[in-house]
Every structure is written in structure tokens, then in C-alpha cells.
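Colleague: Quick one: sequence plus predicted model below, questions after.
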Amino acid sequence: MKPEYDLSVLKSRPNPYAAKLKKPVTIRLSEDVLGYFKGMAAEAGVPYQSLINLYLRDCVMQHRKIQMAWPARAC
């Protein structure tokens, strides 16, 4: 780099698109579910929150719907 380029005098500024990329949320997960994703994330070498986001994004892209069937109550 040329000596006349003094980057120490430049002021940093926030990325204007960063807020649109991801939204922080609070979610409660079972310990076994969290452990599962943390283990998979460690094997893949990615943060577990990114892995959960990738999994949920795949659900969105595949238009997966959850099928819940509650057992009938015996009277």
C-alpha cells in the first residue's frame, strides 16, 4: 500500500444493510434440541445459531408444514 494512504484517519460507519439481514429474537428451546444443533454445528464448524437459521430457511424454501395430530382423549 502506498504511504500516502493513511487509513487510520478514516472514520468507520455502520453497514446500512446489516439491520435488514437478520433480526434478533428470543426463543426457548429444549435442552436436547439445543444440544443436537450445537453438536451438529461443532462438527460442521459453524455457529449453532447459523445452523438453526439454515435449517429453518430450508423449511421455508421447501414450504414444509408441520403436521400435528393430538391423540383423542379417552373419557
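Modeller: Thanks, I have the structure now.
Colleague: measure the closest residue to Phe37 other than its chain neighbours to Leu34 for me?
Modeller: Spatially, and ignoring its direct neighbours in sequence, Phe37 is nearest to Tyr48 (4.9 Å; Cβ to Cβ, 6 or more residues apart in numbering). C-beta here means a position set from N, CA and C on the backbone, and glycine is covered the same way. Counting by Cβ to Cβ, to the nearest Å, the gap from Tyr48 to Leu34 is 8 Å.
Colleague: now swap in Leu7 and tell me
Modeller: Going from Leu7 to Leu34 by Cβ to Cβ gives 41 Å.
Colleague: can you check Val25 too?
Modeller: Counting by Cβ to Cβ, the gap between Val25 and Leu34 amounts to 15 Å.
Colleague: Looking only at neighbour counts, state which of the two leads.
Modeller: More neighbours surround Leu34 than the other of Val25 and Leu34, with 14 against 5 (other Cβ atoms under 10 Å).
Colleague: what sits against the more buried one?
Modeller: Applying Cβ atoms under 8 Å, 6 or more residues apart in numbering to Leu34 gives the contacts Tyr48.
Colleague: what residue ranges in this structure score low on pLDDT?
Modeller: Along the chain, segments meeting pLDDT under 70 span 1-2, 75.
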